[in-house]
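> sequence and computational prediction follow.
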Amino acid sequence: MSDSGRPIEGEHRYQQHVTSPEEHEDRPGRSLVTTDHDSIRQWAEERGAKPATVPGSEYGGRPGRLLLDFPGGSRSENLREISWDDWFATFDERNLNFIYQEHKADGSQSTFFRLENPGRSDGS
């Protein structure tokens with residue numbers, strides 16, 4: 001369950017479900033999936049990432065494309081930082097899953113993540 005009280009949806013047989021920041025990968029390189037706000041925020045903050053959107057992609061008074069802006073990332077100049085409240089309100093409204101890695105298979109810290117809408121046929 002997430003902060004919104006909704007279960008993680010969709011088929012995730014290759015991912016480990018995470019429901020709190022205290023849960024961690026079974027092994028390096030393992031994909032994790034969560035809707036838990038605290039887990040997502042902690043993961044992002046450990047990597048110096050800020051919640052962001054693409055300017056001009058907004059609709060219905062909400063951010064359009066949700067992203068995380070990592071320090072030194074090539075996209076920084078093309079992104080607009082938004083509040084965690086706005087990021088999570090949009091995340092919940094769209095019933096998204098946060099799929100991510102804590103570490104690469106070699107044990108180094110990973111910044112891999114993607115957002116998935118399990119209700120869409122293409123999964124994104």
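That came in fine, so what should we check first?
> going by C-alpha atoms from here, please, whenever you check contacts or count neighbours.
Will do.
> can you pull out the strands in the chain?
Along the chain, counting by DSSP state E, strands occupy 15-17, 31-34, 50-53, 66-69, 80-81, 97-100, 113-116.
> by mean pLDDT, show me the worst of these.
By mean pLDDT, the lowest-scoring of the strands of the chain turns out to be strand 15-17, with a mean of 83.
> note down every partner strand of that strand and its orientation.
When pairs are called by DSSP bridges, strand 15-17 turns out to pair with strand 31-34 (parallel).
> where do the helices sit along this protein?
In the chain, the segments counted as helices under DSSP state H are 37-46, 84-93.
> what angle sits between the last one and helix 37-46?
Angular relation of helix 84-93 and helix 37-46 on a 0 to 180 degree scale: 130 degrees, by axes from the mean of the first three to the mean of the last three Cα atoms, to 10 degrees.
> which elements pack onto helix 84-93?
Applying 3 or more Cα pairs under 8 Å, 6 or more residues apart in numbering; DSSP states H and E, one finds that helix 84-93 makes contact with strand 50-53.
> got a list of contacts for the strand it packs on?
44, 63-70, 79-84, 87 (Cα atoms under 8 Å, 6 or more residues apart in numbering).
> now the residue most central in space within the chain: how far from Phe113?
Nearest residue to the geometric centre of the chain (Cα atoms, centre = their mean): Phe98, 3.8 Å. Distance from Phe98 to Phe113, counting by Cα to Cα, to the nearest Å: 7 Å.
> and stretch 43-58, how far out from the chain's middle?
Computed by Cα atoms, centre = their mean, to the nearest Å, the separation of stretch 43-58 from the middle of its chain amounts to 9 Å.
> what's the span of that stretch, first residue to last?
Note: stretch 43-58 ends 25 Å apart using Cα to Cα.
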